[in-house]
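Trainee: let's see this in three dimensions:
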Amino acid sequence: MSTLFFPFVRPLAVVAFGGNALLRPEDHGDTESQLARARTAVRQLLPVLNRGYELIVVHGNGPQVGNLLLQGEIAAERIPPPSLDVCVAQTQGSMGFLLELALDNELRAAGFRKRVVTLVTEVEVDAADPAFLEPSKPVGPFFSRERAEAIQRTAGWTMVEDAGRGFRKVVASPKPRAIRNVDVVAVLVNRGSIVVACGGGGIPVVVPEEGEVRGVEAVIDKDYAASMLAASLSADLFVILTGVERVSKDFGKASETPLARLDVATARALLAEGQFPPGSMGPKIDAAIRFVEAGGREVLITRAECLSAALDGETGTVIWRTE
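Mentor: Predicted coordinates:
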């Protein structure tokens with residue numbers, strides 16, 4: 001992985017959080033409620049700025065893309081449904097807009113004078129990634145068996161039953177190869193802007209040696225994309241916000257043990273043991289390991305509500321590189 005040796009004026013932090021920070025299952029889903037969630041999320045990020053970091057924000061978009069796919073299904077008889085890559089692009093724009101509004105207002109109230117920029121970000125993936133051979137990432141609405149079989153015949157989608165609730169489309173989740181236009185992100189940061197980039201893991205594109213760049217039906221894990229972005233820019237701090245205050249060994253068991261600090265070798269060993277499941281903490285730990293192994297100093301994993309205390313070393317889990 002190449003890095004940009006940019007002469008940043010101040011230290012740089014990249015913070016990643018999930019799409020449920022703006023839209024939760026119990027929410028109505030209207031713009032006003034999402035904006036209120038965005039303002040809460042932004043207030044939780046202010047401690048990063050208070051400690052002198054420049055800031056890049058990477059957000060997830062699972063619930064938002066799911067809603068777009070549901071809208072497309074409902075209107076399919078009148079309007080062709082958008083492809084998944086276009087849905088990711090749409091959510092990068094809409095969620096970026098909400099975050100920009102929230103940041104503009106919360107920054108002014110906190111006394112900061114900074115501009116906010118959302119970059120619609122393409123992320124290159126390998127067309128030969130094995131993930132394309134075994135699509136496994138559920139996206140979009142649930143369908144009856146009859147409707148799922150009809151979609152498989154007409155649209156060629158791969159459909160699987162999901163937890164007894166119906167059938168869903170599954171797509172590939174390839175690893176990112178490169179963040180396109182990362183140099184533009186560097187320029188914006190160096191001019192003092194807060195940048196919202198790689199939303200939803202980025203718009204997945206393949207870049208063949210011959211032929212045209214094209215979007216693909218896939219989902220890139222936003223933590224992997226954030227890790228690559230942070231490493232590419234030689235960020236001083238990579239923060240992954242999640243649903244727990246600290247990463248734990250034996251999570252959910254009587255022997256559960258919170259982990260305050262993990263060196264990369266220990267984190268890798270615990271991941272190999274199956275301590276961090278693929279559907280929850282596993283990708284976050286793997287993304288953290290990748291950042292540190294690419295030259296990053298440390299990764300902080302914690303709940304958004306605990307971020308200020310975690311930055312002070314009072315809680316959270318730090319994954320770090322041994323010298």
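Trainee: give me the contacts around stretch 173-190.
Mentor: The contact list for stretch 173-190, computed with CB atoms under 8 Å, 6 or more residues apart in numbering, reads 4, 6-9, 12, 54, 56, 117, 119, 121-126, 129, 131-132, 136-137, 195, 197-198, 201-202, 204-205, 218-221, 224-225, 228-229, 232-233. In short, each C-beta sits where N, CA and C put it, glycine included.
Trainee: run the last query once more with 7 Å
Mentor: If you take CB atoms under 7 Å, 6 or more residues apart in numbering as the criterion, stretch 173-190 is touched by 4, 6, 8-9, 12, 54, 56, 117, 119, 121-126, 129, 131-132, 136-137, 195, 197-198, 202, 204, 218-221, 224-225, 228-229, 232-233.
Trainee: from the residues you listed, which would you call buried?
Mentor: Burial by neighbour count, 16 or more other CB atoms under 10 Å: within the contacts of stretch 173-190 this picks out 6, 8, 12, 54, 56, 117, 119, 121-125, 129, 131-132, 137, 195, 197-198, 202, 204, 218-221, 224-225, 228-229, 232-233.
Trainee: would you map the helices across the stretch 1-150 of the chain?
Mentor: All helices of the stretch 1-150 of the chain, identified by DSSP state H, counting those that start in this stretch, fall at 31-50, 62-74, 84-110, 145-155.
Trainee: what's the answer for the stretch 151-300 of the chain, then?
Mentor: Under DSSP H, counting those that start in this stretch, the stretch 151-300 of the chain gives helices at 182-190, 222-232, 264-272, 282-293.
Trainee: now these as TSV including mean pLDDT and distance to residue 77?
Mentor: Output for the helices of the stretch 151-300 of the chain, formatted as TSV (pLDDT from 0 to 100; distance: least, CB to CB, whole Å):
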stretch	mean pLDDT	distance to residue 77
helix 182-190	96	40
helix 222-232	97	33
helix 264-272	96	46
helix 282-293	97	37
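Trainee: so which of those helices gets nearest residue 160?
Mentor: When those are compared by CB to CB, helix 282-293 sits nearest residue 160, at 19.6 Å.
Trainee: ok, residues contacting that closest one?
Mentor: Defining contact as CB under 7 Å, 6+ apart, one finds that helix 282-293 is touched by 221, 223-224, 226-227, 230-231, 238, 240, 242, 264, 267-268, 271, 276, 298-299, 301, 319-321.
Trainee: ok so, going back, please identify the most buried of the helices of the stretch 151-300 of the chain.
Mentor: When the helices of the stretch 151-300 of the chain are scored by mean count of other CB atoms under 10 Å, the highest mean neighbour count falls to helix 222-232 (a mean of 27).
Trainee: which strands and helices sit next to it?
Mentor: Here helix 222-232 touches strand 12-17, strand 54-59, strand 176-179, strand 237-242, helix 282-293, going by 3 or more CB pairs under 7 Å, 6 or more residues apart in numbering; DSSP states H and E.
Trainee: what's the closest of those to residue 65?
Mentor: When the helices and strands packed on helix 222-232 are compared by CB to CB, strand 54-59 sits nearest residue 65, at 11.7 Å.
Trainee: tell me the mean pLDDT for the closest one?
Mentor: For strand 54-59, mean pLDDT rounds to 98.
Trainee: how close does the nearest residue to residue 144 once chain neighbours are set aside sit to residue 226?
Mentor: Spatial nearest neighbour of residue 144, excluding adjacent residues (CB to CB, 6 or more residues apart in numbering): residue 166 at 6.4 Å. Per CB to CB, to the nearest Å, residue 166 is found 31 Å from residue 226.
Trainee: how about residue 118?
Mentor: Between residue 118 and residue 226 the computed distance is 15 Å (CB to CB).
Trainee: can you check residue 147 too?
Mentor: Taken as CB to CB, the span from residue 147 to residue 226 is 35 Å.
Trainee: weakest of the helices of the stretch 1-150 of the chain in terms of mean pLDDT?
Mentor: Lowest mean pLDDT within the helices of the stretch 1-150 of the chain: helix 145-155, a mean of 87.
Trainee: and for it, what's in contact with it?
Mentor: 143, 157, 159, 167.
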